[in-house]
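Asks: this one's structure only:
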Ligand SMILES: Cc1cc2nc3c(=O)[nH]c(=O)nc-3n(C[C@H](O)[C@H](O)[C@H](O)COP(=O)(O)O)c2cc1C
């Protein structure tokens, strides 16, 4: 099973880098598999640690994909990095084993500290729809326009029926990115 999380790492200049990333449990490890090139990967290979944040604030996922990286942070407990201040929970990990690959290395990470900060209050369909749309936005250049359009139409049902303000904001950012992409595509076609 893959869980969609937000990974925070420290860049060489000290700033905290935030990126949505899927994780998997593999025995005693949490497995991260970033596609190259990846700033998160570079940071983890250099520092050998990361923080995995579990959040239901889908604005962070949509924000990171649309150039909005200013999310409140606070120091981690056992490592030098930082965690999302509003995370429901987080796990601090050490990168213990690296299985290198040209396309997608596998980082086997050992949890060294875990804390819960707020309760999980149930599933929300609009949050799931935002995550799906965020993945779609990260793959716009690989997908035919008709598929993008029909998936958005379907996901929009959950947004209309079940979204709160955070989900609406996140959805708006993603839809702006889709519109911009479509306009750019049209302009390129007309040149
Ligand atoms: C829900 C979700 C899950 C993602 N999971 C991964 C992942 O497992 N590996 C990956 O390389 N990128 C994943 N991405 C895309 C990255 O967040 C995005 O490409 C990001 O820029 C990573 O590159 P960076 O480390 O250079 O920031 C995911 C995006 C979303 C919205």
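Replies: The structure has been received and is ready for your questions. Here the structure is a predicted model, which means the values were calculated and not measured. Numbering: from 1, shown residues only.
Asks: so which residues of the chain form strands?
Replies: 2-10, 16-26, 29-32, 49-54, 73-75, 82-84, 89-99, 106-116 (DSSP state E).
Asks: switch these over to CSV; also include mean neighbour count, distance to residue 136 and mean pLDDT.
Replies: Using the backbone N, CA and C atoms, a C-beta is placed for each residue, glycine as well. As requested, the strands of the chain are exported to CSV (neighbours: other CB atoms under 10 Å; distance: least, CB to CB, whole Å; pLDDT from 0 to 100):
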stretch, mean neighbour count, distance to residue 136, mean pLDDT
strand 2-10, 20, 13, 98
strand 16-26, 18, 13, 98
strand 29-32, 20, 22, 98
strand 49-54, 25, 22, 98
strand 73-75, 14, 27, 98
strand 82-84, 23, 23, 98
strand 89-99, 18, 27, 98
strand 106-116, 16, 25, 98
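Asks: those: which one's closest to residue 140?
Replies: Distance to residue 140, taken as CB to CB, is lowest for strand 16-26 among the strands of the chain, at 15.6 Å.
Asks: which elements pack onto that closest one?
Replies: strand 2-10, strand 29-32, helix 39-47, helix 58-65 (3 or more CB pairs under 8 Å, 6 or more residues apart in numbering; DSSP states H and E).
Asks: residue 145 contacts residue 185, correct?
Replies: Yes. Taking CB atoms under 8 Å as the definition, residue 145 is a contact partner of residue 185 at 7.4 Å.
Asks: can you give me the domain boundaries for the chain?
Replies: Taking automatic domain parsing as the criterion, the chain consists of the domains 2-116, 125-190.
Asks: appreciated, that's everything.
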